[in-house]
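[1] what's the 3D shape of this:
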Amino acid sequence: MKIKEIREKNQKEIEKDLIELRNKFTKMKFDISGKQMKNHREIRKIKKDIAKILTVLNSQKEQ
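    Purely as a prediction, here's the structure:
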């Protein structure tokens, strides 16, 4: 997900995406700890996407 795509969405869509990503992140953490998942790169991508969304939300609140 790119920052440009995030900025084009409205506040509710961004918050919905954030909730979905956080749920996905939590599920992946449990899968990795239970050794059901071996692809650790995907969890990095999700963490970065969460950070991008939070950055956009914080910049919108400042304006």
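[2] C-alpha from now on. contacts and neighbour counts both.
    Will do.
[3] quick one: what helix or strand has residue 56 in it?
    Assigned by DSSP states H and E, residue 56 belongs to helix 41-62.
[4] Check the offset of that helix from the chain's centre.
    6 Å (Cα atoms, centre = their mean, to the nearest Å).
[5] Then stretch 9-17?
    On Cα atoms, centre = their mean, the centre of stretch 9-17 falls 12 Å from that of its chain.
[6] And for stretch 53-63?
    That offset, for stretch 53-63, works out to 14 Å (Cα atoms, centre = their mean).
[7] Dump it to PDB, keeping only the CA atoms.
    Once non-C-alpha atoms are left out, stretch 53-63 reads as follows in PDB (Å, rounded to 0.1, in the frame of the first residue of the first chain):
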ATOM      1  CA  ILE A  53      -1.500   4.600   7.800                       C
ATOM      2  CA  LEU A  54      -0.800   6.000  11.200                       C
ATOM      3  CA  THR A  55       1.500   8.600   9.700                       C
ATOM      4  CA  VAL A  56      -1.300   9.800   7.300                       C
ATOM      5  CA  LEU A  57      -3.800   9.800  10.100                       C
ATOM      6  CA  ASN A  58      -1.600  11.900  12.400                       C
ATOM      7  CA  SER A  59      -0.800  14.400   9.600                       C
ATOM      8  CA  GLN A  60      -4.500  14.800   8.900                       C
ATOM      9  CA  LYS A  61      -5.200  15.500  12.600                       C
ATOM     10  CA  GLU A  62      -2.600  18.200  12.600                       C
ATOM     11  CA  GLN A  63      -4.200  20.000   9.700                       C
END
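[8] Could I get the buried residue list for that stretch?
    By neighbour count on 16 or more other Cα atoms under 10 Å, the buried set for stretch 53-63 is 53, 56, 57.
[9] Stretch 22-38 too?
    25, 28.
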